[in-house]
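Asks: Fold the following for me, if possible:
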Amino acid sequence: KRVLRFDTQPIYCMCVRRDGALFVGAGSSIIYCDSETGKTVRSYTSRYGAVKSVFADGERVFAATGFVAQQFHITTGVKERMFGGHRSVLSAVQAHDKTLYTTGDDVVLTWDTEPL
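Replies: Residues are numbered from 1 along each chain as shown. Take a look at the predicted model:
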């Protein structure tokens, strides 16, 4: 077994993509790293609070931050979209095909993730 340590604390969440890529939600950052070495490939910064949930697929990484979810392009690091509408802090984010699911205290919202 290995121990992967990160300079950014605290770590709130993580996601392992099917290909083994590791995404860690640490403070207000998402760290994309090599799951074998722990070496950072890229990091993404949220301006809307701590990253409480993270989900990655193909070329997108989604983060639940404060009252909004954010979508970043994995390769470029560009924030592509924001999804807002909750009245409470988000606790989970998950995507399937072209739909994003977010939840706060009492509701689950769904979002179309197709490009505008």
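Asks: Look up the closest residue to residue 11, ignoring the ones flanking it.
Replies: Once flanking residues are discounted, residue 11 sits nearest to residue 26: 4.8 Å by Cβ to Cβ, 6 or more residues apart in numbering. For every residue, glycine as well, the C-beta is placed using N, CA and C.
Asks: what's the pLDDT at that neighbour?
Replies: If you check residue 26, the pLDDT there is 82.
Asks: Next one: it from residue 55, what distance?
Replies: Separation of residue 26 from residue 55 (Cβ to Cβ, to the nearest Å) stands at 15 Å.
Asks: Point out where this structure drops to low pLDDT.
Replies: Where the chain drops to pLDDT under 70, the residues are 8-9, 115-116.
Asks: where do the strands sit along it?
Replies: Ranges of strands in the chain, per DSSP state E, are 11-16, 22-26, 29-33, 40-45, 51-57, 60-65, 68-73, 79-84, 92-96, 99-103, 108-112.
Asks: Comparing the ones you listed, which comes out most buried?
Replies: strand 60-65 (a mean of 26; mean count of other Cβ atoms under 10 Å).
Asks: C-alpha coordinates for that strand, PDB please?
Replies: The C-alpha trace of strand 60-65 is given here as PDB (Å, rounded to 0.1, in the frame of the first residue of the first chain):
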ATOM      1  CA  ARG A  60     -14.700  17.000 -17.700                       C
ATOM      2  CA  VAL A  61     -14.400  17.300 -13.900                       C
ATOM      3  CA  PHE A  62     -17.300  18.600 -11.800                       C
ATOM      4  CA  ALA A  63     -17.000  20.100  -8.300                       C
ATOM      5  CA  ALA A  64     -19.600  20.900  -5.700                       C
ATOM      6  CA  THR A  65     -18.500  24.200  -4.200                       C
END
